[in-house]
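Chemist: Could you work out the structure for the sequence below:
(chains A, B, C and D)
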Protein chains: 4
Amino acid sequence: MINVGIVGGTGYTGVELLRFLAQHPEVNITAITSRSEAGMEVAELFTSLRGYVDLKFSDPAESKLDKCELVFFATPNGIAMQQARALMNAGVKIIDLAADFRIKDVNEWEKWYGMQHACPDLVAEAIYGLPEINRRQVKKARLIANPGCYPTAVQLGFLPLVESGIVDIDHLVADVKSGVSGAGRKAEVHTLLAEASDNFKAYGVPGHRHLPEIKQGLSIVAGNPVGLTFVPHLVPMIRGIHATLYARLTKKRKVDLQALYEKRYAKEPFVDVLPSGGHPETRSVRGSNICRIAVHQPQNSDTVVILSVTDNLVKGAAGQAVQNMNIMWGFPETLGISHIPLIP
Amino acid sequence: MINVGIVGGTGYTGVELLRFLAQHPEVNITAITSRSEAGMEVAELFTSLRGYVDLKFSDPAESKLDKCELVFFATPNGIAMQQARALMNAGVKIIDLAADFRIKDVNEWEKWYGMQHACPDLVAEAIYGLPEINRRQVKKARLIANPGCYPTAVQLGFLPLVESGIVDIDHLVADVKSGVSGAGRKAEVHTLLAEASDNFKAYGVPGHRHLPEIKQGLSIVAGNPVGLTFVPHLVPMIRGIHATLYARLTKKRKVDLQALYEKRYAKEPFVDVLPSGGHPETRSVRGSNICRIAVHQPQNSDTVVILSVTDNLVKGAAGQAVQNMNIMWGFPETLGISHIPLIP
Amino acid sequence: MINVGIVGGTGYTGVELLRFLAQHPEVNITAITSRSEAGMEVAELFTSLRGYVDLKFSDPAESKLDKCELVFFATPNGIAMQQARALMNAGVKIIDLAADFRIKDVNEWEKWYGMQHACPDLVAEAIYGLPEINRRQVKKARLIANPGCYPTAVQLGFLPLVESGIVDIDHLVADVKSGVSGAGRKAEVHTLLAEASDNFKAYGVPGHRHLPEIKQGLSIVAGNPVGLTFVPHLVPMIRGIHATLYARLTKKRKVDLQALYEKRYAKEPFVDVLPSGGHPETRSVRGSNICRIAVHQPQNSDTVVILSVTDNLVKGAAGQAVQNMNIMWGFPETLGISHIPLIP
Amino acid sequence: MINVGIVGGTGYTGVELLRFLAQHPEVNITAITSRSEAGMEVAELFTSLRGYVDLKFSDPAESKLDKCELVFFATPNGIAMQQARALMNAGVKIIDLAADFRIKDVNEWEKWYGMQHACPDLVAEAIYGLPEINRRQVKKARLIANPGCYPTAVQLGFLPLVESGIVDIDHLVADVKSGVSGAGRKAEVHTLLAEASDNFKAYGVPGHRHLPEIKQGLSIVAGNPVGLTFVPHLVPMIRGIHATLYARLTKKRKVDLQALYEKRYAKEPFVDVLPSGGHPETRSVRGSNICRIAVHQPQNSDTVVILSVTDNLVKGAAGQAVQNMNIMWGFPETLGISHIPLIP
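Modeler: All right, here's what the predicted structure looks like:
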C-alpha cells in the first residue's frame, strides 16, 4: 500500500487516474490538488465518483505532497518541472503525465513548448515511460515522463518495423486520428459539440508537439534519425486514437510481418496483435489500457500499413501512468488496470 | 463459485453480461449459446473480450445448460418461456433479461407481445427482479423476471412518491429518453447512425410494451391501479436512460421531498439521490449499475419533477441481472458490478 | 431590395442569418458588425460562406447602421436595448433575435435577465414576432421581438389547445429537448463534445428564462394566466428542438384534435401538421423554417400529448427573423427561406 | 425545362437528388421508381420533402422512363447496366450514380464488383463525369458514369500534382475518411449508431472498389500507371469525406504548390483552394457541392500533404450528378446546386 498524490485533478487525465486509483488495491490516495477548485468535493465536480472518492480538492501548498511515496502530475505543460526537484529531494517519486520531461533535447523542447525549461538536469534523468521499450529502466526510475497519447499509439505501431530495420525510416507517414478528449477539459470554441460533432478535420499539419517526441523515440530504436510526416485529425468522438501508419519496405526478400509483430508483442500484457487482415476499432479498447494493432500489406505492394488503436486517456495517459507505477513498485503490471473495454 | 450459462450471447445485454461475469470472482461461465454463431470465438465477435473470454458460442442443444446452477436468458422475447420449465426441473435457476415473465396478467402480456404464452404457471411463480422493491423475494426465487430498462428508471423514480401516497396516481407522466443501444444489436434502418445521429424523436406514443410493466409495478406499490402517460424518445447516444417524471401533489401540507427520497434509498447500494437542485446526467452512470435521482418542485407549484438516470444496459439489464444473482446466492450485492462510471 | 445590417455576426444566429440573407433576392447586406472581430473577413471565420459573403466584420461605431432600412440584432441579451432608440429615431426598423423586448412586464424581465432595462417604453411598442399569432401586427411593426427557440416550438404546439379552451391551463407540462447550438458559440466546458456527447441531461429545472416568455404568450391567448411546468434538456446533437407537451382535457365531449390542429394551421406556410399517429423527428426540419406537429391521445386517456419540432436556429431564430422581415416589407412570406430540410 | 426520371429513389443519393431537383428551375421530375415502395408517397418516406415533392414511388415497369429526357440511376451497382441500352435507344440520356460504367477495363470491373457486365460497349462510350477533368466530353455525352465519393475527393486532391509531373506517382498514399451515409440507407449492424458512434476504424485495407477507379483516373492524367495505397476509414458522422493525401516530390527545384493549386482551380465553380496553411473541415461543405482543398509541405520535407474535403452525398454523388446535367444541357453550371453549406 503506497500513499499517492495527484497534482491537478480537474482535467480528463485527472478523473481517469482517480477511476483507476480509487479501486487500486495497493494505493491510498492522500491528496488531489487544484488551485481553482480547492475545497470542493471531488465527487461534486465528477458525479461519476460519488461513493468512490471521498476527498476534497486541496490547495497545493497545504497538501503535504512530500509525504507521498508517489505524485502524479496531471497538469498542463510547465507545472511539473517547477515542483519536481523539491519533491524528489524529499524522496518522492514522480510520474508526469504532461510533456515536461519527454524531450531529451532541451532546446528542441523549448522551441515546441514555447517556454524555458526549469530543470534540464532532471530531463536527463527522466525515464520515458513506454514500458514496451523501457520496462527495465522504469523499474528503477525516480522520475517518469509518461508518453503522449499520439506517441504511444504511433511508436507501438512502428516499433517492430523500425527495430527490424526493414523499412525506409526517412519517409515514415503517421496519419493519426483522435477523439476530442485529447484536447482536454478546457473551454474552447473549436471543441464544442456544435463545432466538432458531425465534422472531421486535420489540424497542426505544419507542426505538432508530438512530432519531436515520436521522432526521438523511433530514432533511438533505429539508431539513426528518422524522417516522419505526422498529420493529426480530430474525430467527433470522445475517446480513442487510431493511427494509420505507412512505411516502405526496403528489403527484397519477403518478410512475414504478421509473425514479426506477434513475436515482438507476445509477452506484452497490453499490446494485442489482431489476426491477419484485422481492422481494430477504437471502441474495442474504450476505457482499457490495451493497444490493438493490425498489420497489412495491401495489394502486395512495397507499402506496409499498420493500424494501431488505443484509448487516449488510458494507454495514452492515465492507464499507462498506473502501469508505470505498477512496474516501479513491483506490483503485477496489470493490477488495477485490467478493465474490460466498454462495448457498445 | 457457481457455474453459469448464458443463452443468446450475441446482443448488447449478452456482451454486457460477459463484461461483468468474466471478472466476477464467484462465477464460472460454462456456456454461451447462439444458434447463428455456434462455433465462433466469442472474442472474435466482440473484440473487446479478447484475452478475457476464452469461449466459443455453442449450439443450445449441445451446451449442457442443465448442468449450470444459473442460466441467464439474454434472448429476444418468447425464448425463455420455451426453455424455462425443463431447466428448472433440472434444478437450474433462471434470470430472464427479456420480458417473458414480467407481466402477471397473461392476457395483457399476450396482447402487448403478440404471442401466446408457453407457461402461464411460471409467470405466477416468477419474481420481478427489482431489488429495491423485492429484495427478499429475489433471495429465494428460482425464476427472476429481470425488469425492463425504462421500467427500472421510471419505477425507481416514482417509488417514494407513490409509496407515500402524496401524489395523484391517476395522472402520472413519464417522459423518458433512451440511447439507441436499447433497440438492441439488430440490423434496422431507423437506428443507423446516418438516421439516428444528430436527430431526436419520440416513438411509440400510442402504446409501448413497457407501459403495462410500469403500471403493474406502481399499481402494486400504490395498492390501486395507476394512470400513466408514457412517452419514450430516442436519443442520439449509445447508452443511458433519462426519465423525467411529473406528478401532482395532492396534500395541502408541505412535504420534504428531498428527505423522503434520501430516506427511502439510504441503504440502497445502487440508488444515489443527488443533493437538492441536482440534474443527473446519463454519463454519470455510464457503464455502472447506479441509478441517480434528483427531486424538484419548480416554482413551488404543485407539480413535482423527478429526474432519474440509469445505464440501460447495466441497471436497466445486465448489471441488475448480476445484482439479482448476487442476492440469490448471498454474495455481497455489489460484487463484480462496482465499476466506476466512465467519464468522459 | 432593402439595405440590411447585422449587429453581432459571430454567433450561430449570425451565421445562419447570413446563410439566408446572402441569397435573399430582396436583400443587400451592407454591414455585419463585431467588436471583437472587426476587420476580419466574415468568410475567414465561417469558411462555409467563402464565395457567398464578401464582407468584413466592421466596428459598430463605423458601420453606418442608421443608413440601413433594417437591422437585425444577433447579439447577447442587453445589447439591442442600448441601440434601438437611436436607430429607430433614424427611421431604421429592428428585429431583435435576443430577449430584450420579449417580456412585456419589465419587472419580470429584469428579474429573469438580471439587468435593468434601458428602454421600457420600447418594450411596450415591440411586437412579439410569432407570425402564426401576430402576423397583422408584425406587418406594421417598427420593432420586432423575435421569439426564443423553446417558446416558438412550445407555443405553436399548445396554441390550438389553448385557443379552443379545452384543456386545463393551470397544469400544462412542456418537456423540451434542444441541440447544443442553442447554447450559442461560446467557449464553455459543459457543451464541449467530450462532455455533452453520448450524454443526456435536464437543466434549469428550478427556472429557465423561456418560462415567463411562454407563459406570457399562452396567457394572452387563453385570456387568463396559465400554469406551466417547463423542463429543458440538452440533447447530444447540433440543431433541433423537440417539445413534448402534456395537457389535460377538461371537456367531457369528444374533440377531434387532429382536425383542430389541421384547421388551425391550414394556411400557415411554415407549420406542418403530420397525419394522425405521426412522430416528427428533428432532422425532418434540419436547416428549414418549418415547425412539424403531431397530436396524440394515448390509450384514450384524458391526457393529450403534442409533439412539436423545429430547427432552433431557423424557425427558432434566424429563419423566423427573415420570415418577419418578409412580412414587414410585403415580400412573399417564404422568400429566401424555403430551403428543403437536409436529410440525412 | 426538361423531364427527368429517377430510378431508385429510396436511398440517400435518391433523397439528395430530390432535394436539388425539386427546386431546380429547369427540371420537371416525372417519375421516381422503387420496386419495394411503389405506391407510397415519396414525402411519407422522407418527411423532409413534405410540401416540396408531390409524387409517389412508381413501379419501374409503369413509369414511362423512356419519355424522359434524362434518367438518373440512384440504384445499387448492376441495375443501370441492365436498363441503359433500352433507354438510350429511346433517346434518353443517362447519369448513373452507381459504379456500372466507371471502370473502362471490364475484366477489372467484373473482378471488383463480382458480376458479369451486361453491356461492355456502353462502358466504352460512357464519360466519366468529373467535370474538372472531362467537362468538354460531358457536354456531349449520352451516358455519364458519375464518379464515386472517395474518387472525387482523392482525384481532385491529387490532380494538380499528377498533372504537373512533380511527384513520385508510384507511391501515392490516400488516407481517406468518410461519414457513414457513404454506406447507404441499408439495414446493417456495423453502421448502427450503437456500433459506429464514438468509434473510429479503418476498413477494406486489403482492397476497396474505389481503388481501381482512382488509379484509372490518375493514370490517365499521368499518362502512366500510378501506384496507390488507399485506406478508407469510417467516421462517426453522417456526411463528409476528408482525404489526406501524401506524395513525394521528385524535383529538386522548389515548386510553389499553393500557386499550382490556385491556378489549376481558378475557374472551377466548385473547387475552393484554401489560403496557405488552411485545414478544411468537412462541415464547411455540408450540404453543398463544393470541394475544398489545402496544400501543405510540413517541415519542408519532400513529402507533400493535400487535404481535400467534400460532402459525399453532394459533390461525391447527387450534386455532381446535377452539375453534369447542367453541363449536358447548357444550363449555368451552378444552377440549383449553389446551396450555402450548413454550419453549424
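Chemist: For residue A:234, which residues are in contact?
Modeler: A:177, A:178, A:180, A:183, A:191, A:196, A:199, A:200, A:201, A:202, A:203 (C-beta atoms under 8 Å, 6 or more residues apart in numbering or on different chains). C-beta: built from backbone N, CA, C; applies to glycine.
Chemist: neighbour-wise, which of these leads?
Modeler: Within the contacts of residue A:234, most neighbours by other C-beta atoms under 10 Å in any protein chain shown means residue A:177, with 31 neighbours.
Chemist: ok, it to chain B distance?
Modeler: To chain B, residue A:177 is 17 Å away according to C-beta to the nearest C-beta, to the nearest Å.
Chemist: you'd agree that residue is in a strand?
Modeler: Yes - when classified by DSSP: H, G, I helix; E, B strand; the rest coil, residue A:177 is found to be part of a strand.
Chemist: dump the residue contacts of it.
Modeler: Taking C-beta under 8 Å, 6+ apart, we find residue A:177 in contact with A:232, A:233, A:234, A:235, A:241, A:242, A:243, A:244, D:177, D:200, D:233.
Chemist: Residue A:312 too?
Modeler: So residue A:312 contacts A:149, A:178, A:179, A:181, A:182, A:239, A:240, A:241 (C-beta under 8 Å, 6+ apart).
Chemist: count of neighbours near residue A:289?
Modeler: Burial of residue A:289 is recorded as 25 neighbouring residues (other C-beta under 10 Å).
Chemist: leaving aside the residues next to it on the chain, what's closest to it?
Modeler: residue A:319 (3.6 Å; C-beta to C-beta, 6 or more residues apart in numbering or on different chains).
Chemist: And for residue A:38?
Modeler: Excluding the flanking residues, the one nearest residue A:38 by C-beta to C-beta, 6+ apart is residue A:59, at 4.2 Å.
Chemist: One more: residue A:276?
Modeler: Sequence neighbours aside, residue A:258 is the residue nearest to residue A:276 in space, at 4.8 Å (criterion: C-beta to C-beta, 6+ apart).
Chemist: Same question for residue A:178.
Modeler: Using C-beta to C-beta, 6+ apart and skipping residues adjacent in sequence, the residue nearest residue A:178 is residue A:241, 5.0 Å away.
Chemist: Please name the residues that touch that neighbour.
Modeler: The contact partners of residue A:241, by C-beta under 8 Å, 6+ apart, come to A:149-150, A:152-153, A:176-179, A:182, A:282, A:309-312, A:316.
Chemist: Then residue A:324?
Modeler: Shown in contact with residue A:324 (C-beta under 8 Å, 6+ apart): A:95, A:129, A:131, A:138, A:144, A:146.
Chemist: one more time with 6 Å
Modeler: A:95, A:129, A:138, A:144 (C-beta atoms under 6 Å, 6 or more residues apart in numbering or on different chains).
Chemist: between the residues you listed, which is closest to chain B?
Modeler: Using C-beta to the nearest C-beta, residue A:95 comes nearest to chain B of those, at 20.4 Å.
Chemist: Would you agree the closest one falls within a strand?
Modeler: Yes - applying three-state DSSP, one finds residue A:95 inside a strand.
Chemist: still on that earlier bit, now the residue nearest to residue A:276: how far from chain D?
Modeler: Distance from residue A:258 to chain D, by C-beta to the nearest C-beta: 13 Å.
Chemist: Repeat that for residue A:62.
Modeler: Taken as C-beta to the nearest C-beta, the span from residue A:62 to chain D is 39 Å.
Chemist: got it, and residue A:202?
Modeler: Taking C-beta to the nearest C-beta as the measure, residue A:202 falls 5 Å from chain D.
Chemist: correct me, but that residue touches residue A:233?
Modeler: Yes - using C-beta atoms under 6 Å, residue A:202 is in contact with residue A:233, at 4.8 Å.
Chemist: What strand or helix carries residue A:221?
Modeler: Applying DSSP states H and E as the criterion places residue A:221 in helix A:210-222.
Chemist: With only the CA atoms kept, save the next helix or strand after that helix in CSV.
Modeler: Per DSSP H and E, the first helix or strand lying C-terminal to helix A:210-222 is strand A:228-235. These are the backbone C-alpha positions of strand A:228-235, laid out as CSV (Å, rounded to 0.1, in the frame of the first residue of the first chain):
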residue,chain,number,x,y,z
LEU,A,228,8.4,11.4,-40.2
THR,A,229,5.3,13.1,-41.7
PHE,A,230,2.8,13.4,-38.9
VAL,A,231,-0.8,14.5,-39.6
PRO,A,232,-3.2,14.6,-36.6
HIS,A,233,-7.0,14.8,-37.1
LEU,A,234,-9.9,15.5,-34.8
VAL,A,235,-12.7,12.8,-34.8
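Chemist: Mind splitting chain A into its structural domains?
Modeler: Using automatic domain parsing, the domain parsing of chain A gives A:2-146+A:317-329, A:150-310.
Chemist: any chance of those in a markdown table, with mean pLDDT too?
Modeler: Below are the domains of chain A laid out as a markdown table (pLDDT from 0 to 100):
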| stretch | mean pLDDT |
| --- | --- |
| domain A:2-146+A:317-329 | 97 |
| domain A:150-310 | 97 |
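Chemist: So which of those is nearest residue C:262?
Modeler: Evaluated over those, closeness to residue C:262 peaks at domain A:150-310, with 33.8 Å, by C-beta to C-beta.
Chemist: Distance across that closest one, terminal residue to terminal residue?
Modeler: 9 Å (C-alpha to C-alpha, to the nearest Å).
Chemist: So what's the residue count around residue A:335?
Modeler: Number of residues near residue A:335 (other C-beta under 10 Å) recorded here: 17.
Chemist: Pull up the gap between it and residue B:231, please.
Modeler: Per C-beta to C-beta, to the nearest Å, residue A:335 is found 47 Å from residue B:231.
Chemist: Likewise for residue A:69?
Modeler: Going from residue A:69 to residue B:231 by C-beta to C-beta gives 54 Å.
Chemist: Comparing those two, which residue is more hemmed in?
Modeler: When neighbours are counted by other C-beta under 10 Å, residue A:69 and residue B:231 differ, and residue B:231 comes out ahead with 25 against 18.
Chemist: my read: the more buried one touches residue B:176, true?
Modeler: No - using C-beta under 6 Å, residue B:231 is not in contact with residue B:176; the gap is 7.0 Å.
Chemist: what's the distance between residue A:67 and chain B?
Modeler: Applying C-beta to the nearest C-beta to residue A:67 and chain B gives a distance of 26 Å.
Chemist: what does chain A have sitting close to chain B?
Modeler: Contact residues (C-beta under 6 Å from any C-beta of the partner chain) of chain A with chain B: A:12, A:19, A:47-48, A:50, A:52, A:181, A:198, A:238, A:272, A:284, A:287, A:340-344.
Chemist: Could you list which of the residues you listed also contact chain C?
Modeler: Restricting the residues of chain A next to chain B to contacts with chain C (C-beta under 6 Å from any C-beta) yields A:181, A:238.
Chemist: Now intersect the residues of chain A next to chain B with the helices, please.
Modeler: A:12, A:19 (DSSP state H).
Chemist: Number of residues surrounding residue A:1?
Modeler: For residue A:1, the neighbour count with other C-beta under 10 Å is 9.
Chemist: All the helices of chain A, residue numbers only.
Modeler: Under DSSP H, chain A gives helices at A:12-21, A:42-45, A:80-89, A:106-113, A:120-125, A:131-140, A:149-163, A:193-196, A:210-222, A:257-264, A:318-329.
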